[in-house]
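**Student:** Fold the stuff below for me.
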Amino acid sequence: MEYNNDFKYDLILGQMGERFIGKLLTDQTLEVKFDFECYRTGNFYIEYSSRGKPSGIATTTAKYWSLIAASEHGRRLKDGLDSPTSEDILFSILIETERLKDLCRNKYERMDVRGGDSDTSIGVLIKAKNLL
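**Tutor:** Down below sits the predicted model:
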């Protein structure tokens, strides 16, 4: 595709992307997870057990996961005080659940990591770059 600095051309490409995402998510389920440490560690924490029972990725029925890396500024969202702004989000990844499960099994940084509320969950750390 040739470079073109015409807004009309960019608008057409943007609308194509919007239609693609709209079709992709129509009648689908989506699990959304914020990670408040990814900005610092480069890892997402994917929970699979909580309080001795399967949870998170092990029990999800969602077709897709959206992983959102909060910025350092976005840590305030953890307390539920505000709605996110553009300053609060570094990036997000939309990934099929089955692909995420496979990556968690094979491309993890560390397994069996305690986390979540009061460290009652167990999960894997996976580098954000490995999700691409």
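
**Student:** Residue 97 - how many residues pack around it?
**Tutor:** Per other CB atoms under 10 Å, the neighbour tally for residue 97 reads 17. Just so you know, the C-beta spots here come from the backbone N, C-alpha and C atoms, and that holds for glycine as well.

**Student:** contacting residues around it?
**Tutor:** 31, 57, 60, 62-65 (CB atoms under 8 Å, 6 or more residues apart in numbering).

**Student:** List only buried entries from those.
**Tutor:** The neighbour-count test (16 or more other CB atoms under 10 Å) marks 31, 57, 60, 64-65 as buried among the contacts of residue 97.

**Student:** Tell me which of the residues you listed fall in strands.
**Tutor:** Members of those lying in strands (criterion: DSSP state E): 31, 64-65.

**Student:** Could you tell me the average pLDDT over stretch 118-132, please?
**Tutor:** Averaged across stretch 118-132, pLDDT comes to 94.
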